[in-house]
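In: Let's see this in three dimensions:
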Amino acid sequence: MKSIIYAMKDLFGNFFNWRGRLSKEGYIWTWAGILAVEAGLLFLRKIMLFLAFFSNYSYDEPISKIMAYAITMWNAVIFFPVMFATMRRYHDSGKAGWKVILFNGVSLIFIVFGLFIGGFLAIGFIFAGGYMVTAGTDVAMSGLLGLAVLSACLLLAGVGLAILNIKYILQQSDPMENVYGQPTPFNTD
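Out: Alright, predicted model coming up:
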């Protein structure tokens, strides 16, 4: 518990700090704290909905909205601190921090567009009743196949960039001083 509290203090103490370094242990404890708060908010939401279910009044919809807003606000508040902590984590292993934006942003764009195109094709196929694949249609199947390949390539590229991001995050710390500064051991004292 002490490690999580220290990591969260470090996260919010360096709210807009992308300079310096963050050890792998500190980064992992930071994510443990973030996930603990997420789990706590989700658990609180379920408890409040459970209690509203057994009360005489119908509070379930407002409670659900309030807790959904609380979870959304928490995610909005931690966006920049987590991005900058990840940049400092990259620095700790000797990598440039701007790659965080590249890997995460481009990965997200590729995955969203891949899912959009794939979903569009699936819905089109469902609404066509499967008739697109019969021999007597004048639908250009090569165009649909090309979109399916594009969707698969976008998804694979997005997942590949996400895996590369995780690889960089999990690399060992550079034990010596690098261009980003001295190593910063994770120390809860």
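In: distance of the residue positioned nearest the centre of the chain from residue 162?
Out: Compute the mean C-alpha point of the chain, and by C-alpha atoms, centre = their mean the closest residue is residue 104, 8.1 Å away. Residue 104 sits 8 Å away from residue 162, going by C-beta to C-beta, to the nearest Å. C-beta here means a position set from N, CA and C on the backbone, and glycine is covered the same way.
In: got it, and residue 182?
Out: For residue 182, the distance to residue 162 - C-beta to C-beta - is 30 Å.
In: Between these two, point out the one with more neighbours.
Out: residue 162 (17 against 10; other C-beta atoms under 10 Å).
In: was I right about residue 162 contacting residue 107?
Out: Yes: with contacts counted by C-beta atoms under 8 Å, residue 162 reaches residue 107, the gap being 4.7 Å.
In: Return the list of helices and strands in contact with the longest helix along the chain.
Out: Longest helix in the chain by number of residues, with DSSP state H as the criterion: helix 60-92. Judged by 3 or more C-beta pairs under 8 Å, 6 or more residues apart in numbering; DSSP states H and E, helix 60-92 is in contact with helix 2-13, helix 24-53, helix 98-127, helix 141-169.
In: so where is the chain shaky, pLDDT-wise?
Out: Residue ranges of the chain with pLDDT under 70: 56-60, 128-143, 188-189.
In: Where do the domain boundaries of it fall?
Out: Structural domains annotated on the chain: 1-94, 96-170, as defined by automatic domain parsing.
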